[in-house]
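Visitor: A structural model of the following input is requested.
(one chain, ligands or ions: 1)
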Amino acid sequence: DLEEITWLQKLRQGLGKTRRGLVNQLKAVVGRGPLGADAVEDIESLLLQADVGVAATDKIIQALQTKIRQDALPADQAIDYLKQILRDVLEEPFQNGYDPNFAPQKQRLNIWLMTGVNGVGKTTTIGKIAHVASTSGYPCLVAAADTFRAAAVEQVKIWAARSGVEVIANPGKNTDPAAVVFDGISAAQSRHCELLLIDTAGRLQNKQNLMEELKKIRRIVDKKAPDAHIESLLVLDATLGQNGLRQAQVFAEAAQLTGVVITKLDGTAKGGVALAVVQELGLPIRFIGAGEGIKDLRPFSSYEFVEALLS
Ligand code: GDP
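Guide: Numbers count the residues shown, from 1 in each chain. Okay, here's the model as predicted:
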């Protein structure tokens, strides 16, 4: 439908900087004829330039070399084959037990813990998910456990209000985030909500405290909502490229992550980082953001992403 087409165009446009670097040069490489060793080397450096990262690039290049050894790769099939390899990298978590169909489960409480460093777009993402969930018929609540940032609480309230979603917050400078989480779960349980989104702090300056806080929140969730389906989603800013990946590793230790959201894919030349994230963390991407509007966050599709990147 029209909305899908508009989104694809938007994603394609957003990835324009990454794509222009990658696609035009790939086409030049491929245009030289059947792929040989020098072409593969050029492709390798193009992938690294697009922030695909060393591990994912190695994997892609190995797959490419195997294919070339087995039955040569005619120039007119090279890009299609490359697309398939990229999709395979992005879908690998689904071979390892992650559900390819990502949505809150009906008739039960789903709790999504949202983590990430300040500024990556976490609050915006929560607002957008709350909007989509509630308009798709999931009774939804937000717990604003990033108690340190009054502005973040206000912002998430504004987003949530637009879609009639209530925010559980506990204003006051020294509020314990754990108390907000506790109240949020109680409210979600008594109102038979199907999705509780928990906003958490993202002050990386005090890494140790932050990690302790996240672990504590997780303990409360596990204890107070043992029957809930829990997802722990890390929000990453695509414009940070490989630096975002280093942040991710810190969170992966504390937050028992189950998935990733990548924001700001509009206007970055580092869109290839999506592949690095999946390869390095072994986690599926669940949503991507390509703009600041309420419709600019969408469920992730490896097919769409690869088409937007390489077509
Ligand atoms: P938080 O500190 O992680 O909660 O980040 P915010 O949600 O406050 O977002 C920080 C800034 O990034 C805001 O100006 C958002 O509008 C902007 N932002 C969030 N997601 C996107 C996106 O997908 N694309 C663009 N261009 N900007 C975004």
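Visitor: Can you name the residues that contact the nearest residue to Ala75 once chain neighbours are set aside?
Guide: Using Cβ to Cβ, 6 or more residues apart in numbering and skipping the chain neighbours, the partner closest in space to Ala75 is Val30 (5.0 Å). Quick note: C-beta positions are derived from backbone N, CA and C, even for glycine. Listed by Cβ atoms under 8 Å, 6 or more residues apart in numbering, the contact set of Val30 reads 39, 75, 78-79.
Visitor: looking at this, Ile230 is in a helix?
Guide: No. The assignment for Ile230 (DSSP: H, G, I helix; E, B strand; the rest coil) gives strand, which keeps it out of a helix.
Visitor: can you list the residues of the stretch 151-300 of the chain near the ligand?
Guide: 152, 155, 202, 263-264, 266, 289-292, 296 (Cβ under 6 Å from any ligand atom).
Visitor: Rebuild the residues you listed as TSV, extending it with secondary structure and pLDDT.
Guide: Shown next, in TSV, are these (DSSP: H, G, I helix; E, B strand; the rest coil; pLDDT from 0 to 100):
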residue	secondary structure	pLDDT
Ala152	helix	80
Gln155	helix	84
Gly202	coil	86
Thr263	strand	96
Lys264	coil	95
Asp266	coil	89
Gly289	strand	94
Ala290	coil	91
Gly291	coil	90
Glu292	coil	88
Asp296	coil	88
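Visitor: Tell me the one among those residues nearest to the ligand.
Guide: Top of the list for closeness to the ligand, among those and by Cβ to the nearest ligand atom, is Gly289 at 3.0 Å.
Visitor: For the closest one, which non-adjacent residue is closest in space?
Guide: Spatial nearest neighbour of Gly289, excluding adjacent residues (Cβ to Cβ, 6+ apart): Thr263 at 3.8 Å.
Visitor: Spell out the residue ranges of the helices in the stretch 151-300 of the chain.
Guide: Along the stretch 151-300 of the chain, counting by DSSP state H, counting those that start in this stretch, helices occupy 177-190, 207-224, 242-255, 273-281.
Visitor: Return the most buried member of those helices.
Guide: The highest average neighbour count among the helices of the stretch 151-300 of the chain, using mean count of other Cβ atoms under 10 Å, belongs to helix 273-281 at a mean of 25.
Visitor: which residues sit against that helix?
Guide: With Cβ under 8 Å, 6+ apart as the criterion, helix 273-281 contacts 51-53, 55-56, 59-60, 86, 89-90, 92-93, 236, 238, 240-242, 244-245, 248-249, 252, 257, 260, 262, 265, 283-285, 288, 305.
Visitor: So what's the gap between that helix and the chain middle?
Guide: 10 Å (Cα atoms, centre = their mean, to the nearest Å).
Visitor: Give me the angle between that helix and helix 242-255.
Guide: 40 degrees (axes from the mean of the first three to the mean of the last three Cα atoms, to 10 degrees).
Visitor: Going forward, the N-terminal residue is numbered 732.
Guide: Happy to do that; since the first residue is 732 now, the last one works out to helix 1004-1012.
Visitor: average pLDDT across the helix or strand that contains Leu757?
Guide: For Leu757, the host element (DSSP states H and E) is helix 747-761. Summarised as a single mean, pLDDT over helix 747-761 is 82.
Visitor: Give me the angle between the helix or strand that that helix is followed by and helix 1004-1012.
Guide: Moving toward the C-terminus from helix 747-761, the next helix or strand (DSSP H and E) is helix 768-780. Between helix 768-780 and helix 1004-1012, the angle comes out at 90 degrees (the same axes, to 10 degrees).
Visitor: mind showing which ranges of the stretch 782-931 of the chain have poor pLDDT?
Guide: Scanning the stretch 782-931 of the chain for pLDDT under 70 picks out 902-905.
Visitor: mind running it again at 90?
Guide: When residues are selected by pLDDT under 90, those of the stretch 782-931 of the chain lie in 798-810, 862-863, 866, 877-895, 900-908.
Visitor: where do the strands sit along it?
Guide: Secondary structure of the stretch 782-931 of the chain (DSSP state E, counting those that start in this stretch): strands located at 841-846, 871-875, 897-899, 926-930.
Visitor: Run a quick neighbour tally on Ala883.
Guide: 20 (other Cβ atoms under 10 Å).
Visitor: whoops, Thr856 was the one
Guide: Thr856: 24 neighbours (other Cβ under 10 Å).
Visitor: how close does it sit to the ligand?
Guide: From Thr856 over to the ligand the distance is 7 Å, taken as Cβ to the nearest ligand atom, to the nearest Å.
Visitor: residue contacts, the residue nearest to Asn940 when sequence neighbours are not counted?
Guide: Distance criterion Cβ to Cβ, 6+ apart; nearest residue to Asn940, sequence neighbours excluded, is Arg934 at 7.8 Å. Neighbour list for Arg934: 849, 879, 940-941 [criterion: Cβ under 8 Å, 6+ apart].
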